[in-house]
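> okay, structure incoming, though there's no sequence with it:
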C-alpha cells in the first residue's frame, strides 16, 4: 500500500482523537451559522426596522443580534481551544514516533548522516509543523468555515450578487496554483539550508578543541558564512514570492467588491433589491476576502511545514536494517558464540573475509591487530549492530537473526573504547542499563570495580554530576564507570573495547582489577591494546585486513615468528624473547577456544 506523503500523513495521528474531532466539527458548524446569522438580522433591522420606522422590530433585532453574537463567541472559543489541543497532540505523536524510529535505525544509517542534519529534523522541522498545527490549524479551520459561510450567505442573500463576486474565481485559482508550486520548492530549499547550517554548527561545536588547536577558526567561519548566506538567499526568495501573492489576492478582492457594488447599484436603481440586501452583501464579501487574506498569510507557513514534513518523512520511511525476523524467539543464552564463515563490508570492499570463530560459553577471546584489521567490525557483528552479508553469527547454535533483538541485547554488555557518559550523576550512568537498580546495588558495583576510589575526590561521591560525554573525567575514569555499568547489567556476553589512550598507572591497575571481576563467568570478546589484557584471554586471534592470520594461546603465539610476536614487542617496548617471563596479575586459567579461518585464506 502506498504511504501517505506531505501533510496528509499527519491524519494518521487523528484516530485516537475521533470523538474530539467530531465534536469540534459540530462546534465549527455552529460557529459558521452564528457568524452569518447576525448579518441576516442586520438586514432585517435595516429593511423592516429602520426603513419602516418600526422601533419594536428594531429592538427585537438588536436583542437577537446580541444573543447570537454571544453564542458565536462561545463556539469560537471552544473551537480554538479544541483545535489547539488536537494540533499539539499531533506534534507530540509525530515527535515521539520520529525519535522512536531513530532509536531503531542501524548504526549504518547514523554513519551515513550528519548529526546536525538529524537534529534539524527533530528541532527546526518539527517546530515548523508545531507552529502550523498550534496556531495555523485554528486559523485554517476558522477561515475555511467563514469562507464557506460567506459564500453560502452571499448566494442566500442574492444569487446575482454571488455570481458577481465569483467573477475573480478562475484567475484566483490559477494564481494560487502557481504560488503553490513555486513556494513549495522555495521552502523545501529553506529547510535544506537550515539542516546544512545546523550540521555545520553541531560539527564545529563537537570539534571546537581541534578547530582552535589548529587555528582554523576563520576557515570554519567562512564555511558557516557560506551556509548562512545560502539560507538568507533561499529565505529572501521565499519572501519575494509572498510579496507577489498577498497583494495579488488583495487586488482580486477589490475587483470582486467593485463588481458587487456595480451590480447591486444597478439592481437598486431598477428597484430589484433593497439597501439592506446590498449592505449585507458587502459585509459578506468582506468576510469572503478576510479569510482569504488570512489563508494567504497562512499559506507560506503551510508550505514551510509541508517542506519540513517531507524531510521528516524521509526519515520515517527509512526501514531499519536490523530488526526482528518474523517469529523471532526469546532465548536465555548460555554464551556459546560462533561465527560461521562471516563476510561483511561497509561498501563495495569486504572488511571481513569468511572468518570462522568458536568461543565456548564463559571463555574469553582477544582480538588483536593493526587498525583497520576488522576487530571492531567483528565485535559489532556479535552485538548485532550489523548483520553479515554471508555466513552467520550463532549464539548457542541459533542464528542471531532468528532471536528477538531486545531480548538478546538485555543479555549483552558493551564497554566501548571511548565510553560515552550521559549528562547526569555518576550513579545514573552506572545504572543506565538497569534503571530499576537500587542505590545499594550501584554502590556495591562501584566498590567491586574501584569506582568508589575515583569518586572520593568529589564531594557528592556517586551523586557527582557529569557533563555530556563525561568531560571532566579522564579516559580511565570513564572506562571504569563503563565497566561498572556493564557489571550491573550482568550480561552473558561481553564486548570490551580497551581504551587506547594513555592512562595513569593507578587507574590502569583499577581497570585491570575491574576487568578480572567483569570477565568472570562470561563469554567475552576483547579488542585488546595491552599485553596484560591479551594474557587474560583463553584464545588470541590476530586479524589483518579482515582475515585471520594467527590464532592460539599467548605463549604459543609469542614463541612463533609472526605478526603477534611483532605486535607484542611493539606493545611491550622490548624484544619478544623477554615477554614470556613477565608476570601477569589476574590472568585467567587457559581453556580451549578454537579459532579457525577458512581454508581459502
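Structure received. These figures come from a predicted structure and were not determined experimentally.
> tell me who's in contact with residue 429.
421, 422, 466, 470, 481, 485 (C-beta atoms under 8 Å, 6 or more residues apart in numbering). In this view, the C-beta of every residue, glycine as well, is placed from N, C-alpha and C.
> now intersect these with the helices, please.
Using DSSP state H, the members of these that fall in helices are 481, 485.
> now flag whichever of the contacts of residue 429 is closest to residue 56.
Using C-beta to C-beta, residue 422 comes nearest to residue 56 of the contacts of residue 429, at 76.2 Å.
> where do the helices sit along the stretch 51-200 of the chain?
55-104, 107-112, 115-120, 126-131, 137-157, 159-165, 169-206 (DSSP state H, counting those that start in this stretch).
> how about residue 305, nearest residue that isn't a chain neighbour?
residue 132 (4.1 Å; C-beta to C-beta, 6 or more residues apart in numbering).
> got a list of what the one you found touches?
With C-beta under 8 Å, 6+ apart, residue 132 has these contacts: 87, 298, 301, 302, 304, 305.
> same check on residue 300?
183, 187, 238, 241, 242.
> report the distance from the helix or strand harbouring the last one to the chain centre.
Taking DSSP states H and E as the criterion, residue 242 maps to helix 217-269. Offset of helix 217-269 from its chain centre (C-alpha atoms, centre = their mean, to the nearest Å): 33 Å.
> what is it packed up against?
helix 159-165, helix 169-206, helix 275-316 (3 or more C-beta pairs under 8 Å, 6 or more residues apart in numbering; DSSP states H and E).
> how close does residue 109 sit to residue 481?
28 Å (C-beta to C-beta, to the nearest Å).
> who's more crowded, the two?
residue 481 (27 against 17; other C-beta atoms under 10 Å).
> per-domain residue ranges of the protein.
As given by automatic domain parsing, the domain ranges for the chain are 6-316, 323-362+373-411+493-498+533-601.
> mind listing what's buried in stretch 320-336?
322, 324, 328, 331, 333, 335, 336 (16 or more other C-beta atoms under 10 Å).
> now do the SS call for the first one.
Per DSSP: H, G, I helix; E, B strand; the rest coil, the local secondary structure of residue 322 is coil.
> over to the fifth one?
Of the three states, residue 333 takes coil under three-state DSSP.
> how much space between it and residue 432?
Residue 333 sits 21 Å away from residue 432, taking C-beta to C-beta as the criterion.
> got a list of contacts for stretch 271-279?
42-47, 51, 157-158, 161, 261, 264-265, 267-268.
> most neighbours out of those residues, which is it?
residue 161 leads those on contacts (other C-beta under 10 Å) with 25 neighbours.
> number of residues surrounding the nearest residue to residue 420 once chain neighbours are set aside?
Once flanking residues are discounted, residue 420 sits nearest to residue 469: 6.3 Å by C-beta to C-beta, 6+ apart. When neighbours are counted by other C-beta under 10 Å, residue 469 registers 15.
> cool, and the one 5 residues further on?
Neighbour count of residue 474, defined by other C-beta under 10 Å: 16.
> how about residue 517?
Count around residue 517 with other C-beta under 10 Å applied: 15.
> mind listing what it touches?
448, 449, 487.
> look at it and give its secondary structure.
Classified using three-state DSSP, residue 517 is helix.
> residue 435 now?
coil.
> quick one: residue 546 from residue 102, how far?
With C-beta to C-beta as the criterion, residue 546 and residue 102 are 30 Å apart.
> repeat that for residue 344.
23 Å.
> ok, back up a step: residue 395: which of the helices of the stretch 51-200 of the chain is closest?
helix 107-112 (19.5 Å).
> so for the closest one, mean pLDDT?
The average pLDDT within helix 107-112 is 81.
> ok, residues contacting it?
118, 318, 321, 346, 380, 385, 386.
> most neighbours among the residues you listed, which one?
Using other C-beta under 10 Å as the neighbour criterion, residue 118 leads the contacts of helix 107-112 with 20 neighbours.
> any idea how far residue 308 is from the nearest residue to it once chain neighbours are set aside?
For residue 118, ignoring the flanking residues on the chain, the nearest one in space by C-beta to C-beta, 6+ apart is residue 102 at 6.9 Å. Here residue 102 is placed at a distance of 16 Å from residue 308 (C-beta to C-beta).
> more neighbours: which of these two?
residue 308 (27 against 17).
> quick one: residues contacting the more buried one.
So residue 308 contacts 124, 125, 126, 128, 129, 191 (C-beta under 8 Å, 6+ apart).
> spatially, what comes nearest to the fourth one if we skip its sequence neighbours?
What it means is residue 128. The nearest residue in space to residue 128 (C-beta to C-beta, 6+ apart) is residue 308, at 4.1 Å.
> now do the first one
Taking C-beta to C-beta, 6+ apart as the measure, residue 124 lies nearest to residue 194, with 5.1 Å between them; neighbours along the chain are not counted.
> ok, and for stretch 547-567, which residues are buried?
Buried residues in stretch 547-567 (16+ other C-beta under 10 Å): 547-554, 557-558, 563-565, 567.
> just the strands in the stretch 301-450 of the chain please.
337-345, 350-359, 364-368, 390-395, 398-399, 412-415, 424-425 (DSSP state E, counting those that start in this stretch).
> you'd agree the residue nearest to residue 124 is up against residue 231?
Yes. Residue 194 lies in contact with residue 231 (C-beta atoms under 8 Å); the separation is 6.2 Å.
> the more surrounded of these two?
Counted by other C-beta under 10 Å, residue 194 and residue 231 do not tie: residue 194 has more neighbours, with 24 against 19.
> contact partners for the more buried one?
Residue 194 neighbours (C-beta under 8 Å, 6+ apart): 120, 124, 125, 231.
> please identify which two of these are farthest apart in space.
The farthest-apart pair in these, when distances are taken by C-beta to C-beta, is 125 and 231, at 14.1 Å.
> list the buried ones in stretch 199-212?
199, 200, 201, 202, 203, 204, 211.
> same question, stretch 108-127
Buried residues in stretch 108-127 (16+ other C-beta under 10 Å): 109, 114, 116, 117, 118, 119, 120, 121, 124, 125, 126.
> for stretch 8-18, same thing?
9, 10, 13, 17.
> and the helices of the stretch 51-200 of the chain: which comes nearest residue 526?
Nearest of the helices of the stretch 51-200 of the chain to residue 526, taken as C-beta to C-beta: helix 107-112 at 20.3 Å.
> could you check how far that closest one is from the centre of its chain?
On C-alpha atoms, centre = their mean, the centre of helix 107-112 falls 13 Å from the chain's centre.
> one step back: tell me which two of the buried residues of stretch 108-127 sit farthest apart.
Among the buried residues of stretch 108-127, 109 and 124 lie farthest apart (C-beta to C-beta), at 20.1 Å.
> low-confidence ranges in this structure?
Residue ranges of the chain with pLDDT under 70: 1-6, 209, 213-214, 289, 292-293, 296-297, 499-503, 571-601.
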